[in-house]
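A.B. asks: Following is a predicted model, sequence given first.
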Amino acid sequence: MSYLAPSEFVTKMVDAGESKIFMSTRDTIIRAYMAGAILALAAWFAVTINVNTGQPLIGALLFPVGFVMLYLLGFDLLTGVFVLSPLALIDKRPGVTLGGVLRNWGLVFVGNFAGAFTVAFMMAFVTTFGFTQAPDKVGAAIGNIGEGRTLGYAAHGAAGMATLFLRGMLCNWMVSTGVVGAMISTSVPGKVIAMWMPILVFFYMVFEHSVVNMFLFPSGLLLGAKFSIMDYLIWNEIPTVLGNLVGGLAFTGMTLYATHVMTLPKRQAGKVAKPRVAA
């Protein structure tokens, strides 16, 4: 599998974060747009499987195909840059600033949303034959997801908000582990296996992923589901984004960095000594 030791792949994480901060606006938007679109297609695919088979485990087993494709193609999700970009700032890479990190997050958010919304519109159009009839059973199921995961949380008040936030944290703990999985092997099969496992966990456990929700909830609104844009923003997207940020950075980015990079010798000007690649 051409496995890299943790000190080696964590250095790659910092390098990746640095490169994303200095990426041009054009490239950042394009890569984020495609990532949002591909992940949305995978979510549509998984919901279709769940509806047609009645077996959520099958949908969860197959959903990671979208995540694997987008990362092998070099596209970026908000959940990934939440973890990678801050590491370059923490590592004191030359020229990296807080403003650069926030710029990267903002551009990726916009690109992810645009890509996910594009697929949401296509899905709504296809499942209603151009909005000329009620949605088919897959479209109806997606609309129900939006209602249950906005109004359902709102019904519990503060406890619902806390639950939503924690589900967002748990989600990006797993998803960011998948992002790291793409870096722990130099072979395609190794990358795919390492990415597949944590994404399966997140999807089957119904944790809250901000980019997947950029597809599911606008889809529900386009299909006439009974919740509002404000319900979506307040009772899902905003708390989910915050939970994704905290969970990914705290449980994946900072834990790996603290124990595998900060303890390395010969750190000079915030740069880590070049690691030896495992045979």
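C.D. replies: Now that the structure is in, tell me what you want to look at.

A.B. asks: Report the separation between Ile58 and Asn50.
C.D. replies: Counting by C-beta to C-beta, to the nearest Å, the gap from Ile58 to Asn50 is 7 Å. C-beta here means a position set from N, CA and C on the backbone, and glycine is covered the same way.

A.B. asks: Equivalent analysis for Met230, please.
C.D. replies: In terms of C-beta to C-beta, Met230 sits 28 Å off from Asn50.

A.B. asks: between Ile58 and Asn50, who's got more neighbours?
C.D. replies: Asn50 (18 against 14; other C-beta atoms under 10 Å).

A.B. asks: give me the element that one is part of.
C.D. replies: Assessed by DSSP states H and E, Asn50 sits inside helix 25-53.

A.B. asks: quick one: low-confidence parts of the stretch 151-279 of the chain?
C.D. replies: Residues of the stretch 151-279 of the chain meeting the criterion pLDDT under 70: 263-279.

A.B. asks: Hmm, Pro56 is touching Leu62, no?
C.D. replies: No - using C-beta atoms under 8 Å, Pro56 makes no contact with Leu62, being 11.1 Å away.

A.B. asks: Distance-wise, check the spatially most central residue of the chain relative to Lys92.
C.D. replies: Ranked by distance to the mean C-alpha position of the chain (C-alpha atoms, centre = their mean), the top residue is Thr79 at 3.8 Å. To Lys92, Thr79 is 24 Å away according to C-beta to C-beta.

A.B. asks: now do Leu221
C.D. replies: 43 Å.

A.B. asks: So those two - more neighbours on which side?
C.D. replies: Neighbour totals were compared for Leu221 and Lys92, and Leu221 leads with 18 against 11 (other C-beta under 10 Å).

A.B. asks: That one: helix or strand, and which one exactly?
C.D. replies: When secondary structure is defined by DSSP H and E, Leu221 falls within helix 210-222.

A.B. asks: Give me the residues contacting that helix.
C.D. replies: 35-36, 39-40, 43-44, 77-79, 112-113, 116-117, 119-121, 123-124, 139, 142-147, 149-150, 168, 227-229, 232, 236-237, 240-241, 244 (C-beta atoms under 8 Å, 6 or more residues apart in numbering).
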